[in-house]
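In: Compute the structure for the input listed below.
(chains A and B)
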Amino acid sequence: GESVGLHLPTLSVQEGDNSIINCAYSNSASDYFIWYKQESGKGPQFIIDIRSNMDKRQGQRVTVLLNKTVKHLSLQIAATQPGDSAVYFCAEINDYKLSFGAGTTVTVRA
Amino acid sequence: DAGVIQSPRHEVTEMGQEVTLRCKPISGHNSLFWYRQTMMRGLELLIYFNNNVPIDDSGMPEDRFSAKMPNASFSTLKIQPSEPRDSAVYFCASSFTLETEAFFGQGTRLTVV
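Out: Numbering: from 1, shown residues only, chains lettered A, B, ... in the order given. Now for the predicted structure:
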């Protein structure tokens, strides 16, 4: 089965609120994780990444947290905007393979 | 940079026909990946290349699928003969190395009728 998975398939968020998308992985040897955003009709777009020697990384309005103890990854989006509506994938690189989880569909309510 | 370029964007073909999907990676990237995306199976890695050499094709579903990378700026994914269950969106992605983030093209939506 897939080594990367997501806790929830959908997330509805009020515009302006913060979003948290969770991801669990099973391969403790994985050392590099990436969050992608996919809008309808487009390819996955790189958002932010984190390596296993870190537990937090921040970008513009996004923060990725990595908890290696429980093999959990999360993506936090601050002040969610309508343009954030998309499917979000966590992915891991293990043995040079980039593997994707099932994805979480985020819908932003006006 | 124009990013990863895939062609065609849409392809409709009849069962049994040969289909060729094309990809131009980002200039300077040394690794190239082919993925297939369906509702049922999500994003599946089919094959990837490093420095134009196929490294792992264990994700290729059947012998009907083949991929080539004759040079650093071009790759093809061929399905011969095509079947309705091959209908999916096929993505090509490239990265600077096998251990850096991959950038995806817009995909080719393949429909086999």
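In: burial measure for A:Phe89, as a count.
Out: 24 (other Cβ atoms under 10 Å in any protein chain shown). From N, CA and C alone the C-beta is placed, and that goes for glycine too.
In: for it, helix, strand, or coil?
Out: For A:Phe89, the reduced secondary structure class is strand; criterion used: DSSP: H, G, I helix; E, B strand; the rest coil.
In: Would you mind measuring from it to chain B?
Out: Between A:Phe89 and chain B the distance, using Cβ to the nearest Cβ, to the nearest Å, works out to 7 Å.
In: From B:Ile55, how far off is that residue?
Out: 22 Å (Cβ to Cβ, to the nearest Å).
In: and if you look at B:Glu62?
Out: Separation of B:Glu62 from B:Ile55 (Cβ to Cβ) stands at 19 Å.
In: Going by proximity to chain A, name the top residue of chain B.
Out: Of all residues in chain B, B:Phe104 sits closest to chain A, at 3.4 Å by Cβ to the nearest Cβ.
In: Mind listing the residues bridging to that residue?
Out: Bridge pairing for B:Phe104 (DSSP bridges) gives the partners B:Ala93.
In: That one is in contact with B:Val4, isn't it?
Out: Yes: in this structure B:Phe104 lies within contact range of B:Val4 using Cβ atoms under 8 Å: 6.2 Å.
In: Overlap in contacts, those two.
Out: Both B:Phe104 and B:Val4 are in contact with A:43, B:92-93, where contact means Cβ atoms under 8 Å, 6 or more residues apart in numbering or on different chains.
In: can you pull out the strands in chain A?
Out: Assigned by DSSP state E, the strands in chain A fall at A:4-6, A:10-14, A:19-25, A:32-38, A:45-51, A:56-58, A:62-67, A:72-77, A:86-94, A:97-100, A:104-109.
In: Give me the pLDDT for A:Asn27.
Out: At A:Asn27 the predicted local distance difference test score is 86.
In: Measure how buried it is and give me the count.
Out: By other Cβ under 10 Å, the residues close to A:Asn27 number 13.
In: ok, which residues in chain B are in contact with chain A?
Out: If contacts are counted using Cβ under 8 Å from any Cβ of the partner chain, the residues of chain B sitting beside chain A are B:4, B:33, B:42-43, B:45, B:48, B:50, B:55-56, B:91, B:93, B:98-99, B:101-107.
In: Tell me the residues on chain A that lie near chain B, please.
Out: Residues of chain A lying near chain B by Cβ under 8 Å from any Cβ: A:2, A:32, A:34, A:36, A:41-46, A:49, A:89, A:93, A:96-103.
In: What subset of the residues you listed is buried?
Out: Buried members of these, scored by 16 or more other Cβ atoms under 10 Å in any protein chain shown, are A:32, A:34, A:36, A:43-44, A:46, A:49, A:89, A:93, A:97-103.
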